[in-house]
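K.L.:
prediction below, plus the sequence it came from.
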Amino acid sequence: MAQDDYVQFVGVQKTYDGETLVVKNLDLNIRAGEFLTLLGPSGSGKTTTLMMLAGFEVPTHGRIFLDGKPIDHVPPHKRNIGMVFQNYALFPHMTVEENLAFPLNVRKIGKAEIETRIKRALGMVQLSNLGKRRPGQLSGGQQQRVALARALVFEPKLVLMDEPLGALDKQLREQMQLEIKHIHRNLGVTVVYVTHDQSEALTMSDRVAVFNDGVIQQLAKPDDLYERPQNSFVAQFIGENNRLRGKVVAMNGTGCQVEIDGGGRVEALPVKIEGVGAATTLSLRPERVRLNPASGHCSNVFEARVEELIYLGDFTRVRATVCGSSEFIIKVPNAEGAPDLVPGSSISVGWKKEDCRALDAAQ
Amino acid sequence: MTAIAENFGLDIAERDALKRRLRAVERGRRLRALALVLPLFLFILVSFVIPIGELLRNAVFDPSIRANMPQTVTALAAWDGKDLPDEAAFAALAADLAAANKAKTIALIGKRLNYELSGIRSKILVSGRKAAQLTQGPYKEAMIGIDKIWGERETWAVLKRAGATYTSFYVLDALDLGLDADGALTPTPAERAIYVTVFMRTLNISLTVTVATLLLGFPLAYLLATLPTRTSNLLMILVLLPFWTSLLVRTTAWFVLLQDNGTINDMLQALHLTSEPLPLIFSRFGTVVAMTHIQLPFTLLPIYSVMKTISPSYVRAGRSLGAGPFYAFWRIYFPLTVPGIAAGCLLTFILSLGYYITPALVGGPTDQMVSGIIERAMNSENNWGKASALGGILLFATLILYFIYNRLVGIDKIRLG
Ligand SMILES: Nc1ncnc2c1ncn2[C@@H]1O[C@H](COP(=O)(O)OP(=O)(O)O)[C@@H](O)[C@H]1O
Ligand SMILES: [Mg+2]
């Protein structure tokens, strides 16, 4: 156990119905001051994990430590964890100020101190003049800020957020992402953030835990997650991804050769394969594919037929047939000297061995 | 300057034109809306507004004396009420009584005057019969000779007041008040004053029942709202079961249960907890228990449906902010249920005010509610004025309570779900 691990999940399991495990053997260490995101599709157990940490669900098995102490028998109100709910859960019968004063009153803090803290918290989320309003009189974005301020006003060391931006429109969401990030940086609190939006996770987090089916698929920094996915679920879930299915035919020190089902033999980086003869899925980011590569530059060069062009401003998305797969995507920047492509034409494409990761064959 | 003024003028003209166009567009829509509510409006008018209006009028409108004693009423118009009326009034009285005796409407006169002067009914009948034989004056001595009540100023005062088309008698009487010979407001003598007590008793029973249903219903509603749907549906059927049984059957069931040699008393005595049967039935206890049973769903359902809409994340948020379970419940959950409590309690209270069958069957014989008295006035005494006055006062009291309630809780806060 590392010194600066603020939260630890040790072998945590959770089942609601006694039949299916919603969380399977979770081991997760969260560092003090870290912004950690639980990312995964709906139903993958993110909220359940968060609720166990907050104390609203009890683990069926395993233990959770907070600041080195087990919290199995600590009720939610004694855990001192701030929480932002997806629907904000602002108390509708109280004004904004009363909402913010609630955690402070419970802690029997003096009147003057409460007032300064409320002022500071409202200032932090830029709502200083709306303290007398009821939640019903605020816009969605404003309610979101109040919920954030309320979760922070009693200065907890740990704040949990369950899809806090899910109800906001895109522009507001992106603005709030930056604000939450700034607040996190300024206050130095530990944040555990839940989302199913991968771009939100990549933008905000120090580390991201990708959940699927109650299991953490990969826990890594955003760039690692994108550049170096450890299995085909992560590669597929994060960002755009070309998949080529095949069978490993040869392996050497740093590479392997894969016979693609649709034809062709590809040099790839072995990441998660079981050895020669095993089925594998190759993962290749669209922006790593080159058009008409200079000879010797790429270890993989193939003939491609252009099927469709989608103009997206800064780049063009090219759908092509490569190695028998007609869903192969190539991103071509709209820079000077970009090649003129027409659907139906044949081109040559190539990519480096290191950019093509041989992962498990699973869906 | 001029440019601004011109602009301004133009704006106003434009705005007026805009308003006219808006009104023209909205007129069609308003007419359509009116057509949709018209049937309901007519139904309410016929089934609610007109009957209640009639009820309120009956409480103060009583032309029976004016219709049956026209000459006396005319003769008394100029009477100052200080002494006995003059000979002309006595002559008119004798003529009216004789005519009424002949037309067989004299019983109506007797009945009406008897409300105010108890025991006068038979004297009027006798006076009528004897007045028919009078052929010449002086009528004053003759009438007083027939019965000395005609020599009392109060009899004439009552007659004069009753002769007006509109009377305050029924309303005042229902409030245990009356007017004396000089027209001054006086309380009804204690031995005949019952209505204020009955009203207070009605309010008291209604309040008790409301509180009892709230105390029983709130925890149950909470349970129903928080249990998994399947279990809560089953429990809900049990709660609603009373709705599907006739009121009379349920009241009779209480009768079986509560009587002196009924199930409960037998059990208590078998367990040697009591040596004699407790007066469970024909008592306030019986009324309150039976009414609470009937009213429970009315209080519970609005509370339940409001609780259903309260997201569990509110209490969770409270807990995460540091509030213990009880504090979170009291400061966060409970205030959110107040609209349901308000609706449920108001419903039960107002319905309880009008209970009639249940107190009549399981209540104490001297513990009747207003509705029981109204029923008796209508069916046994055939006294529509009294029934209407009591009903009107009940309605008025309910409106006042509703108003106070609105001030305290706010009617806009009420929610049925
Ligand atoms: N209170 C509950 N009772 C029973 N099943 C639940 C409950 N909460 C969640 N689940 C189930 O657990 C699984 C994981 O849910 P959840 O943790 O909410 O996932 P996520 O937040 O990743 O979408 C889902 O299949 C969901 O149906
Ligand atoms: Mg969730």
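P.N.:
On my side now, so go ahead. Residues are numbered from 1 along each chain as shown, chains lettered A, B, ... in the order given. Ligands and ions are numbered 1, 2, ... in the order given.

K.L.:
so for the longest helix along chain A, what gets flagged as buried?
P.N.:
When chain A is parsed with DSSP state H, its longest helix is helix A:170-187. By neighbour count with 16 or more other C-beta atoms under 10 Å in any protein chain shown, helix A:170-187 contains the buried residues A:173, A:176-177, A:180, A:183-184, A:187. Placement of C-beta: from N, CA and C, glycine included.

K.L.:
looking at those residues, which one is closest to B:G145?
P.N.:
A:M176 (102.5 Å; C-beta to C-beta).

K.L.:
give me the distance between the closest one and A:A209.
P.N.:
21 Å (C-beta to C-beta, to the nearest Å).

K.L.:
ok, now B:G262?
P.N.:
Distance from B:G262 to A:A209, by C-beta to C-beta: 67 Å.

K.L.:
looking at these two, which one has more neighbours?
P.N.:
A:A209 (24 against 16; other C-beta atoms under 10 Å in any protein chain shown).

K.L.:
OK, contacts around the more buried one?
P.N.:
A:28, A:36-39, A:216, A:218-219 (C-beta atoms under 8 Å, 6 or more residues apart in numbering or on different chains).

K.L.:
where does it fall, secondary structure wise?
P.N.:
Per DSSP states H and E, A:A209 falls inside strand A:207-212.

K.L.:
could you do B:A100 as well?
P.N.:
helix B:87-103.

K.L.:
show me how far that helix is from its chain's centre.
P.N.:
Centroid separation for helix B:87-103 versus its chain: 39 Å, with C-alpha atoms, centre = their mean, to the nearest Å.

K.L.:
and it, what does it pack against?
P.N.:
Counting contacts by 3 or more C-beta pairs under 8 Å, 6 or more residues apart in numbering or on different chains; DSSP states H and E, helix B:87-103 packs against helix B:70-76, helix B:106-116, helix B:120-131, helix B:139-146.

K.L.:
of these, which is nearest ligand 1?
P.N.:
Closest approach to ligand 1 among these is made by helix B:106-116 (68.9 Å; C-beta to the nearest ligand atom).

K.L.:
give me the distance between the residue of the stretch 51-200 of chain B found nearest chain A and A:Q86.
P.N.:
Using C-beta to the nearest C-beta, the single residue of the stretch 51-200 of chain B nearest to chain A is B:M200, 35.1 Å away. Computed as C-beta to C-beta, the B:M200 to A:Q86 distance reads 53 Å.

K.L.:
re earlier: contact partners of whichever helix or strand comes after the longest helix of chain A?
P.N.:
Next in sequence after helix A:170-187, counting helices and strands by DSSP H and E, comes strand A:190-195. Contact partners of strand A:190-195, identified using C-beta under 8 Å, 6+ apart, comprise A:6-7, A:30-39, A:46-47, A:50, A:53, A:157-166, A:180, A:184, A:201, A:204-205.

K.L.:
ok, stretch A:94-101 next?
P.N.:
Under C-beta under 8 Å, 6+ apart, the answer for stretch A:94-101 is A:90-91, A:102, A:114, A:117-118, A:121-122, A:127, A:130-135, A:138, A:146, A:149-150, A:153.

K.L.:
and these, which are buried?
P.N.:
A:90-91, A:102, A:114, A:117-118, A:121-122, A:127, A:130-131, A:135, A:138, A:146, A:149-150, A:153.

K.L.:
what's the closest of the contacts of A:A209 to ligand 1?
P.N.:
A:L38 (7.7 Å).

K.L.:
so that closest one belongs to a helix, correct?
P.N.:
No. A:L38: not assigned to a helix; according to DSSP: H, G, I helix; E, B strand; the rest coil it is strand.

K.L.:
what number of residues lie near the nearest residue to it once chain neighbours are set aside?
P.N.:
Of all residues not flanking A:L38 in the chain, A:K46 sits nearest, at 4.4 Å (C-beta to C-beta, 6 or more residues apart in numbering or on different chains). As a burial measure, A:K46 scores 25 neighbours (other C-beta under 10 Å).

K.L.:
contact partners for A:K46?
P.N.:
Per C-beta under 8 Å, 6+ apart, neighbours of A:K46: A:38-40, A:162, A:194, A:196, A:211.

K.L.:
and the residues you listed as JSON lines, adding pLDDT and neighbour count?
P.N.:
Shown next, in JSON lines, are the contacts of A:K46 (pLDDT from 0 to 100; neighbours: other C-beta atoms under 10 Å in any protein chain shown):
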{"residue": "A:L38", "pLDDT": "96", "neighbour count": "26"}
{"residue": "A:L39", "pLDDT": "96", "neighbour count": "28"}
{"residue": "A:G40", "pLDDT": "94", "neighbour count": "27"}
{"residue": "A:D162", "pLDDT": "94", "neighbour count": "21"}
{"residue": "A:V194", "pLDDT": "96", "neighbour count": "23"}
{"residue": "A:H196", "pLDDT": "92", "neighbour count": "18"}
{"residue": "A:F211", "pLDDT": "95", "neighbour count": "27"}
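
K.L.:
could I get those residues as JSON lines with distance to A:V22?
P.N.:
Below are those laid out as JSON lines (distance: C-beta to C-beta, whole Å):
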{"residue": "A:L38", "distance to A:V22": "13"}
{"residue": "A:L39", "distance to A:V22": "17"}
{"residue": "A:G40", "distance to A:V22": "12"}
{"residue": "A:D162", "distance to A:V22": "15"}
{"residue": "A:V194", "distance to A:V22": "14"}
{"residue": "A:H196", "distance to A:V22": "16"}
{"residue": "A:F211", "distance to A:V22": "11"}
